[in-house]
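Student: With the sequence up front, the predicted model follows.
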Amino acid sequence: MARVVVDVMLKPEILDPQGQAVQRALPRLGFDGISDVRQGKRFELEVDGPVDDAALARIHELAETFLANTVIENFTVKVEEAVEPAVGAEK
Amino acid sequence: MARVVVDVMLKPEILDPQGQAVQRALPRLGFDGISDVRQGKRFELEVDGPVDDAALARIHELAETFLANTVIENFTVKVEEAVEPAVGAEK
Amino acid sequence: MSLDTVENASKTPDVELPWAELGLKKDEYERVVEILGRRPTGAELAMYSVMWSEHCSYKSSKVHLRQFGEKAPQSDAMLVGIGENAGVVDVGQGYAVTFKVESHNHPSYVEPYQGAATGVGGIVRDIIAMGARPIAVVDPLRMGAADHPDTRRVLPGVVAGIGGYGNCLGLPNIGGELVFDACYQGNPLVNAGAIGVMRHEDIHLAKASGAGNKVIMYGARTGGDGIGGASILASETFDDAKPSKRPAVQVGDPFQEKLLIECTLEAFAEKLVVGIQDLGAAGISCATSELASNGSGGMRVELDDVPLRDSTLSPEEILMSESQERMCAVVEPSKVDRFLEICEKWDVIATVIGEVTDGDRLEIFWHGEKIVDVDPRTVAHDGPVYERPYARPEWQDALQADDANKLPRPSSSDELKAQVLALVSSPNQASKKWITSQYDHFVQGNTVLAQPEDSGMIRIDEETGLGVAIATDGNGRFAKLDPYTGAQLALAEAYRNVATTGAKPLAVSDCLNFGSPEDPAVMWQFAEAIRGLADGCLQLGTPVTGGNVSLYNQTGEAAIHPTPVVAVLGVIDDVARRTPVAFQEEGQLLYLLGDTKEEFGGSAWSQVVHDHLGGLPPQVDLERERLLGEILISASRDGMIDAAHDLSDGGLIQAVVESALLGGKGARLVVPDGLDAFTFLFSESAGRAVVAVPRSEELRFNDMCGARGLPVTRIGVVDGDAVDVQGEFALSLAELREAHEGTIPGLLA
Amino acid sequence: MTARIGVVTFPGSLDDRDTQRAIRLAGAEPVALWHKDKDLKQVDAVVLPGGFSYGDYLRAGAISRFSPVMETLIDQAKAGLPVLGICNGFQVLTEAHLLPGAMLGNDHLHFICRDQKLRVENTETAWTLDYEAGQEIHIPLKNMDGRYVADSYTLDQLEAEGRVVFRYVDFNPNGSLRDIAGITNAAGNVVGLMPHPEHAVESLIGTGRTDGLPFFTSILKKLVAAS
Ligand SMILES: Nc1ncnc2c1ncn2[C@@H]1O[C@H](COP(=O)(O)OP(=O)(O)O)[C@@H](O)[C@H]1O
Ligand SMILES: [Mg+2]
């Protein structure tokens, strides 16, 4: 079992009111120095078999036809490392 | 300018109707072998100054108090590498 | 901890169970042991503890709630009364309507969006469980101070949650309330009501009968949602009773619930269901014990067959899980296949988890071992009953002596005008459009009236135009001054709201929101409110068909204002005759119906202008309310009035401003003889409404009121684009609109 | 003959029965179509109704777009079958690429329900014959994801070809680019819009206006003329 992550973000030229709302709220919350916020989606897929090139190609196709709407969104596909090298700790 | 990414996912024990709906649709689309799908949010923050420990601590706090609802969600904070080593290509 | 079976429990009488952590009192635990003749198993303890909780057993409120039955007025309309998932009333032409209001207060404070959303989900399942198609929802809300930062967190989340769930279910939201008061700061009240309609023959009850019939669970898989005490039982050792990782917050899936509605109604239509129960508080514990105890036999359940979302759940946790969007149906064996087929059609997971048995025991098995063996009645109905002490608080006299009628009144026309503007723009009196525009009120294509009308109205028969109306009201300030009168005022207002739109009030549901029953003062408020409501319903001939009690709404020593919320359901033979709030035509005459007295205790004026709460609430005269209602209904049926608005918070000026803004037509008002302008505009005397009468109907209308003895006073005319109180001041509609509609967006946007 | 107009029910469709009622009131025969069924039952036209099919999860319309019924519908729409997508139906049509562009969440981030003023910009489509060019109408609007977006090339093309069928007037309720409320494909048989004409067909109900009825009389007229 492996985890593949598909990140989907609105294309840069598309207005992202959610991201903007977050950004606008920041000063009120006392956070400065963040010049832009974009909000997108993250899909975590648990893949049964091995995540070989063929599997990745299929997931890529899935992202392109289904998880993202490429009229408005870009996406990336990543295999998640076994050990999460996150800088921030998981809460 | 650096980019910090905050990923927010529902806690594993919390129902994720969106992820479920996606997963249930997969067989119909001809995709098998994906045993679970969880859908979360991805925030891309453009940070003006250097992303040092202090900045990260503040973003961590931001995530905890604002971007995530820690009653039902977990989050991770990551500094994005300059070059994205994604396996899938960005569309 | 290894599996605690019934056999094991008999052999190990001395094992200590964590009954106190599960919220049971010592004597309650001893009672369980006495009932069983042995110590309970962990699973049994889980069931008793949750079913005997205040929320499920009504142990503090039962003795008072009985009055609703004892004092119930004779009513042919009542088909199913208190005790079922929701009451059912006959509305004629073979139709029956079920409706109920419930609270989801605490969850909505913890997680506003999901708390409120699952509140809507729960009340709607009650309606489906009666066999009805849900047709509308309403949402009476109470929040802390409008300008408090936490209100900014809670209110938008609650509204988004109610909208998110109700809109996705396809249920028009046709009414509700929004009241701000600092007393609700830590205890916002999120009440939700729903109405459903069915044919008489389709009424279904929650009971399991017929040995051999199958028990089918369908809907969402069971997860670890909302498990409180069970995780204590599930923990390794009882000393390790730390809260486990199980979430107390439930997440709703309105899409799943929409499928549940459709597949349940399809199963009803094919007469596949013997009995049915929704899974709400206390989950499977509640559903199985209630189904079994209301039926004739017993029940045997294989807990292993319950579809799970989380395979690590213990049997105790499965029994107590409050995962949303689940139902339980009892189905004859020959019809099981068809039932499962319908579920499959709607992509709803359905599993046979047990069957009705001959005996009178509820037996639950896990991995082949019996872990529950109880008389289901002892779980569902024989919970503890408390006669909690109650006493009129000693501060009540001082509060009532602090007479609002003595507050300084405006001394000039300018001051009067300024106070009118302050009133109509105050958060409680301001337009609630910011909220209600987030709710779908058009879906299902039968909405005749929705907010901001006096009552919501839904057509239920396209051919004949038969319709139902609903209004919910409550005034915690009045109830604080005098809980008996306050409850009757809430009833009177909801009754009046329904009648104002032309519908005949039929029945009542309520949601009683109070502080801690362990405080004798709160218990007195509660007892008085119920007494008032029961007496009032008897007098008005509108039986209470069901409701909900929410106690412990209190932060430390400070309880919320006693807040009985009353929903009145009415029926109208032809919705074409409904009366709207908005002024329709210039030149129509404005009449005030009823008597106006100097009554300012608890009024909006005393709150807005003086931040004051004291004195006595307005008097109630239910015979007058009934007469007013009859006049309003006749006038609507006979086409004598084109607009009507009941008078409540804010008095006459508030009502006229609302009708004027909605219709986009002003009014010229004349202060009637015998009243001063201030009292005329701001008094909150009950039993009043303002109506707009076409000139051609003037005589007929006056004659009718005269003949029946209802005081009627001509107060002006629909005219121009201002509200002009002659000799005092004029406020343009534009100015009024800005004041009335700008407030809530300004606070929240 | 009377025209037979199909109304698809997806799981989570809400306005399917309302749409059937509107079709009936216009004098045509509504035919219920089921999402799992590829068979369109030989209807003369199809309406994809409003609602939250599949809960609007993933993206509004994204999951429904892959329903069996859509396989047939996409082929037949391309071959000229008149199709109207209302609200969620519009979202399904953009996801299926029968109409260009995409629908996103309202710019103010709230669900919005209101009586919306629109201008009818194109009266040549199968669904708008009974309106007058430039006519201003009021139709209920209620949605979460009503923001129409497309790249500027597509928008220019839509404008140049007269394919913007409805525009919001006085108030843009969701941030749709160029105030677009509804569009058509190049052939004029496929139309999608966010507001709900099926909720404006009876004088007593909803807002009390009947400005939506011409949608359904238009298609009836078109079909009867063609037969
Ligand atoms: N939270 C809410 N949800 C739905 N409708 C609401 C809500 N709050 C207020 N309303 C509606 O706004 C209108 C005015 O409310 P209110 O002043 O409380 O009415 P009334 O005084 O007649 O009881 C009513 O139609 C009511 O149903
Ligand atoms: Mg009213």
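Tutor: Yes, it's here. Residues are numbered from 1 along each chain as shown, chains lettered A, B, ... in the order given. Ligands and ions are numbered 1, 2, ... in the order given.

Student: Around chain D, which positions in the stretch 151-300 of chain C sit nearby?
Tutor: Contacts of the stretch 151-300 of chain C with chain D, taken as CB under 8 Å from any CB of the partner chain, map to C:160, C:163-164, C:167-170, C:253-256, C:258-259. C-beta here means a position set from N, CA and C on the backbone, and glycine is covered the same way.

Student: buried stuff in stretch D:122-136?
Tutor: Of the residues in stretch D:122-136, D:Asn122, D:Thr123, D:Thr125, D:Ala126, D:Trp127, D:Thr128, D:Leu129, D:Asp130, D:Tyr131 count as buried by neighbour count, 16 or more other CB atoms under 10 Å in any protein chain shown.

Student: can you map out the helices along chain A?
Tutor: When assigned using DSSP state H, the helices of chain A occupy the ranges A:17-28, A:53-62.

Student: As a markdown table, those with mean pLDDT and distance to ligand 2 would be great.
Tutor: As requested, those are exported to a markdown table (pLDDT from 0 to 100; distance: least, CB to the ion, whole Å):
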| stretch | mean pLDDT | distance to ligand 2 |
| --- | --- | --- |
| helix A:17-28 | 90 | 35 |
| helix A:53-62 | 93 | 53 |
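
Student: Nearest to C:Gly298 among the ones you listed would be which one?
Tutor: For the helices of chain A, distance to C:Gly298 was read as CB to CB. The smallest value, 49.7 Å, belongs to helix A:53-62.

Student: Next, the angle from that closest one to helix B:17-25.
Tutor: 120 degrees (axes from the mean of the first three to the mean of the last three CA atoms, to 10 degrees).

Student: just checking, what packs against helix A:53-62?
Tutor: The helices and strands touching helix A:53-62, judged by 3 or more CB pairs under 8 Å, 6 or more residues apart in numbering or on different chains; DSSP states H and E, are strand A:2-10, strand A:34-47, strand A:73-79.

Student: Who are the packing partners of the longest one?
Tutor: Judged by 3+ CB pairs under 8 Å, 6+ apart, strand A:34-47 is in contact with strand A:2-10, helix A:17-28, helix A:53-62, strand B:2-10, helix B:17-25, strand B:34-47.

Student: residue in the stretch 601-749 of chain C nearest to chain B?
Tutor: Here the stretch 601-749 of chain C gets closest to chain B at one residue, C:Leu748, 17.2 Å apart by CB to the nearest CB.

Student: From C:Val159, how far out is that residue?
Tutor: Taking CB to CB, to the nearest Å as the measure, C:Leu748 falls 9 Å from C:Val159.

Student: what pLDDT does the nearest residue to C:Gly651 once chain neighbours are set aside get?
Tutor: Distance criterion CB to CB, 6 or more residues apart in numbering or on different chains; nearest residue to C:Gly651, sequence neighbours excluded, is C:Phe682 at 4.7 Å. The per-residue pLDDT reported for C:Phe682 equals 98.

Student: try C:Ser285
Tutor: pLDDT for C:Ser285: 88.

Student: secondary structure element for it?
Tutor: helix C:283-294 (DSSP states H and E).

Student: which strands and helices sit next to that helix?
Tutor: helix C:42-51, strand C:214-219, strand C:275-278, strand C:298-302, helix C:315-320, strand C:326-331, strand C:362-366, helix C:376-380.

Student: quick one: contacts of the last one?
Tutor: Applying CB atoms under 8 Å, 6 or more residues apart in numbering or on different chains, the set of residues contacting helix C:376-380 from outside is C:35, C:47-48, C:51, C:285-286, C:288-290, C:292-294, C:298-299, C:360-362.

Student: Alpha carbons of that helix, as PDB, please.
Tutor: As requested, the backbone C-alpha atoms of helix C:376-380 are provided in PDB (Å, rounded to 0.1, in the frame of the first residue of the first chain):
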ATOM      1  CA  PRO C 376     -35.600  -3.200  26.200                       C
ATOM      2  CA  ARG C 377     -38.300  -1.300  28.100                       C
ATOM      3  CA  THR C 378     -36.000  -0.900  31.000                       C
ATOM      4  CA  VAL C 379     -33.500   0.800  28.700                       C
ATOM      5  CA  ALA C 380     -35.900   2.900  26.700                       C
END
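
Student: Would you mark the buried spots in the first helix or strand past it going along the chain?
Tutor: Next along the chain after helix C:376-380, taking DSSP H and E as the criterion, comes helix C:395-401. Buried residues in helix C:395-401, defined by neighbour count with 16+ other CB under 10 Å: C:Gln396, C:Leu399.

Student: any bit of the next helix or strand after helix C:395-401 sitting next to ligand 1?
Tutor: Counting by DSSP H and E, the next helix or strand C-terminal to helix C:395-401 is helix C:413-425. No: for a cut-off given as CB under 6 Å from any ligand atom, helix C:413-425 has no contacts with ligand 1; the smallest distance is 11.1 Å.

Student: all strands for chain D, in order.
Tutor: Assigned by DSSP state E, the strands in chain D fall at D:4-9, D:29-34, D:45-48, D:83-86, D:102-104, D:112-120, D:136-143, D:147-149, D:164-168, D:180-184, D:190-193.

Student: and the fourth one, which strands flank it?
Tutor: The strands that strand D:83-86 pairs with in its sheet are strand D:45-48 (parallel), strand D:190-193 (parallel) (by DSSP bridges).

Student: Could you give the separation of it from the chain centroid?
Tutor: Averaging C-alpha positions (CA atoms, centre = their mean, to the nearest Å) puts strand D:83-86 3 Å from its chain's average.

Student: okay, it in PDB with CA atoms only?
Tutor: Taking Å, rounded to 0.1, in the frame of the first residue of the first chain, the C-alpha atoms of strand D:83-86 are listed here in PDB:
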ATOM      1  CA  VAL D  83     -30.600  20.100 -24.000                       C
ATOM      2  CA  LEU D  84     -31.200  22.600 -21.200                       C
ATOM      3  CA  GLY D  85     -29.000  22.600 -18.100                       C
ATOM      4  CA  ILE D  86     -30.300  24.500 -15.100                       C
END
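
Student: mind putting the strands of chain D in a markdown table, distance to C:Pro617 and mean pLDDT included?
Tutor: Output for those, formatted as a markdown table (distance: least, CB to CB, whole Å; pLDDT from 0 to 100):
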| stretch | distance to C:Pro617 | mean pLDDT |
| --- | --- | --- |
| strand D:4-9 | 51 | 98 |
| strand D:29-34 | 53 | 98 |
| strand D:45-48 | 53 | 98 |
| strand D:83-86 | 49 | 98 |
| strand D:102-104 | 50 | 96 |
| strand D:112-120 | 35 | 97 |
| strand D:136-143 | 39 | 97 |
| strand D:147-149 | 48 | 97 |
| strand D:164-168 | 47 | 98 |
| strand D:180-184 | 49 | 98 |
| strand D:190-193 | 51 | 98 |
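
Student: These: which one's closest to ligand 1?
Tutor: strand D:112-120 (11.2 Å; CB to the nearest ligand atom).

Student: and the closest one, what does it pack onto?
Tutor: Right, strand D:112-120 is packed against strand D:136-143, strand D:164-168, strand D:180-184 by 3+ CB pairs under 8 Å, 6+ apart.

Student: Need the contact partners of the first one.
Tutor: Right, the one you point to is strand D:136-143. Outside strand D:136-143, the residues touching it (CB under 8 Å, 6+ apart) are C:167, C:440, C:442-443, D:50, D:87, D:106, D:111-120, D:131, D:169, D:173-174, D:194-197, D:199-200, D:206-207, D:209, D:211-212.

Student: Go ahead and build a ChimeraX selection from the buried members of those.
Tutor: Buried residues among these (16+ other CB under 10 Å), as a ChimeraX selection:
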select /C:167,440,442,443 /D:50,87,106,111,112,113,114,115,116,117,118,119,120,131,173,174,194,195,196,197,199,200,206,207,209,211,212
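
Student: what about the helix or strand of chain A with the lowest mean pLDDT and chain B, any contact?
Tutor: Among the helices and strands of chain A, helix A:17-28 carries the lowest confidence by mean pLDDT, DSSP states H and E, at a mean of 90. Yes: interface with chain B: helix A:17-28 contributes A:Gly19, A:Val22, A:Ala25, A:Leu26 (CB under 8 Å from any CB).

Student: Give me the distance between the first one and B:Asp48.
Tutor: Meaning A:Gly19. Counting by CB to CB, the gap from A:Gly19 to B:Asp48 is 16 Å.
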